[in-house]
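Chemist: okay, sequence plus prediction incoming.
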There are 2 protein chains.
Amino acid sequence: MALTDDAIARIRGMISSGELPPGARLPPEPQLAAQMGLSRSGVREAVKVLESARVLDVRRGDGTYVTSLAPRLLLEGLGVAVELLRDDTLLEVMEVRRLLEPVATGLAALRMTDTQLDELARILEDMRAAADDAEKLIGFDTAFHHTVVASTGNETLTSLLAGLSGRTLRARVWRGLIEANAAHTTIDEHHAIYLALRSRDQLLAQASALMHVNTSEAWLRTVLAAKAADV
Amino acid sequence: MALTDDAIARIRGMISSGELPPGARLPPEPQLAAQMGLSRSGVREAVKVLESARVLDVRRGDGTYVTSLAPRLLLEGLGVAVELLRDDTLLEVMEVRRLLEPVATGLAALRMTDTQLDELARILEDMRAAADDAEKLIGFDTAFHHTVVASTGNETLTSLLAGLSGRTLRARVWRGLIEANAAHTTIDEHHAIYLALRSRDQLLAQASALMHVNTSEAWLRTVLAAKAADV
DNA sequence: ACTATAGAGACATCGGACGTTTGCCGTGGT
DNA sequence: ACCACGGCAAACGTCCGATGTCTCTATAGT
């Protein structure tokens, strides 16, 4: 199993060493194969792996290029990984969010601009208007938290939290929420977070975010327990 | 580019739907190819991608199996992603650690067992004994923080922080530390964390961890600045 | 100067062949 | 009855060559 994996490692090495900077173009597959001493098939597998990791960008008919290597791209894989976690480990993910979201929201309280606060208010309105449409609620919920975290200006943090709050996870929580007619309570929690951010109160922002994650965790437990009972 | 990516998505779907539970064996490559309507080459690329993501385990001469899907495996990719981040985004990573490590250490203060505390003490001794060997120091440093975070019992959290504290990043920080003869100061910081954990003082644990990350960040800045000046 | 088109280059996919490794099972001996 | 050995079959690893399809570019024509 050495050949293809070697190729992966070598290409990665060329990138991290700076030999292949972001945007650089790789040699054509046949040439790359010759250069690394393996067949084109092996090179293709290696390239495919790096493409799926958003390290390479393969453009058919054109060539293969190194991506920008932005955190947003490289950390995208975290999301798909979390989607595959089994139910019993989703509570671990939730605990990480419980640790990270409050402090991240607290940091946002220090850095959020008025424009961003206005956008939050708009999303909050959208949320209230869509209080019975699960799909829309999930979308606005995602937008709300994304806006908050993005205001820290830390793309790595934003991508990380986005990955931890995968669509599947969110959908499960909201399903529990809506079925129990508790959507308005959760929307109020968002409002509390908004108020804390608006007043740039770091501690209050932390606290309100913790309350919110805690609620989410509780509903996730409910949903998971219901599913376990089904089986 | 649809065929291979479709295959990836389909296999992932079969896994998350429960059709292929952890440990399950996939059909042989030729059969899988027929079943999904593409050639063996395409299947191999798809399998390789999922293997690199630690979703599949390919055993030559035997067959292909679904891994345990444990967080430790699936989040392993985070580490390699972080290794490829460019220098200017490493500070973002450090900021995430600055947010996450203190609260994680605080949680550890509540959950650490006496046995684990004893192990910490042992690592601390090793560290003092190896105060001039960069390689060893990095190893003990990694072991120290791993032991602390692992005591939370949250494998997801542990893997996440491990990924954020990649070997390269650690090596850079320690290089700066040792060159400036500041290794002993950092070892003292570890001692402070240990004392806080030993007394099960959550707030003190948080504070000492923050001090420590802050020091690391400062040294990282120094190293990065020196490198930038070189160029 | 602009546009349409033809060609070259590059990736996408396929099919088959051969090597190597692994696991299993039957055989034979103890 | 148990164990060690050997051989077979299955499965992955690697390679090769051919063909399809898409992009970009340079050329020719208006």
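Modeler: Here it is on my side, so go on.

Chemist: so for stretch A:128-146, mean pLDDT?
Modeler: Here stretch A:128-146 scores 91 as its mean pLDDT.

Chemist: contacts for it?
Modeler: A:101, A:120, A:123-124, A:126-127, A:158, A:161-162, A:165, A:167, A:170-171, A:174-175, A:178, A:183-184, A:187, A:190 (CB atoms under 8 Å, 6 or more residues apart in numbering or on different chains). C-beta: built from backbone N, CA, C; applies to glycine.

Chemist: go on, stretch A:189-197?
Modeler: A:105, A:108-109, A:112, A:117, A:120-121, A:124, A:127, A:141, A:144, A:148, A:204-205, A:207-209, A:211-212, A:215.

Chemist: quick one: secondary structure of the residue in chain A that DNA strand D sits nearest to?
Modeler: Closest contact between chain A and DNA strand D, by CB to the nearest atom of the strand, is at A:G61 (2.4 Å). Under DSSP: H, G, I helix; E, B strand; the rest coil, the three-state class of A:G61 is coil.

Chemist: pLDDT score for it?
Modeler: Reported pLDDT for A:G61: 95.

Chemist: before we move on, the earlier item: what about burial for the contacts of stretch A:189-197, which qualify?
Modeler: A:105, A:108-109, A:112, A:117, A:120, A:124, A:127, A:141, A:144, A:148, A:204-205, A:207-209, A:212, A:215 (16 or more other CB atoms under 10 Å in any protein chain shown).

Chemist: those in helices, which ones?
Modeler: Among these, the members falling in helices (DSSP state H) are A:105, A:108-109, A:117, A:120, A:124, A:127, A:141, A:144, A:148, A:204-205, A:207-209, A:212, A:215.

Chemist: after the helix or strand of chain A with the lowest mean pLDDT comes which helix or strand?
Modeler: When the helices and strands of chain A are scored by mean pLDDT, DSSP states H and E, helix A:167-179 comes last with a mean of 90. Scanning forward in sequence from helix A:167-179 by DSSP states H and E, the next helix or strand is helix A:183-198.

Chemist: list the buried residues for that following helix?
Modeler: Buried, per 16+ other CB under 10 Å, within helix A:183-198: A:183, A:186-187, A:189-194, A:196-198.

Chemist: how about it as CSV, C-alpha atoms only?
Modeler: The C-alpha trace of helix A:183-198 is given here as CSV (Å, rounded to 0.1, in the frame of the first residue of the first chain):
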residue,chain,number,x,y,z
ALA,A,183,-39.7,26.6,18.8
HIS,A,184,-40.7,30.0,20.2
THR,A,185,-38.7,29.4,23.4
THR,A,186,-35.6,28.7,21.4
ILE,A,187,-36.2,31.8,19.2
ASP,A,188,-36.4,33.8,22.4
GLU,A,189,-33.0,32.4,23.3
HIS,A,190,-31.6,33.7,20.1
HIS,A,191,-33.1,37.0,21.0
ALA,A,192,-31.3,37.0,24.3
ILE,A,193,-28.0,36.3,22.6
TYR,A,194,-28.7,39.1,20.2
LEU,A,195,-29.4,41.5,23.1
ALA,A,196,-26.2,40.6,24.9
LEU,A,197,-24.2,41.1,21.7
ARG,A,198,-25.9,44.4,21.0
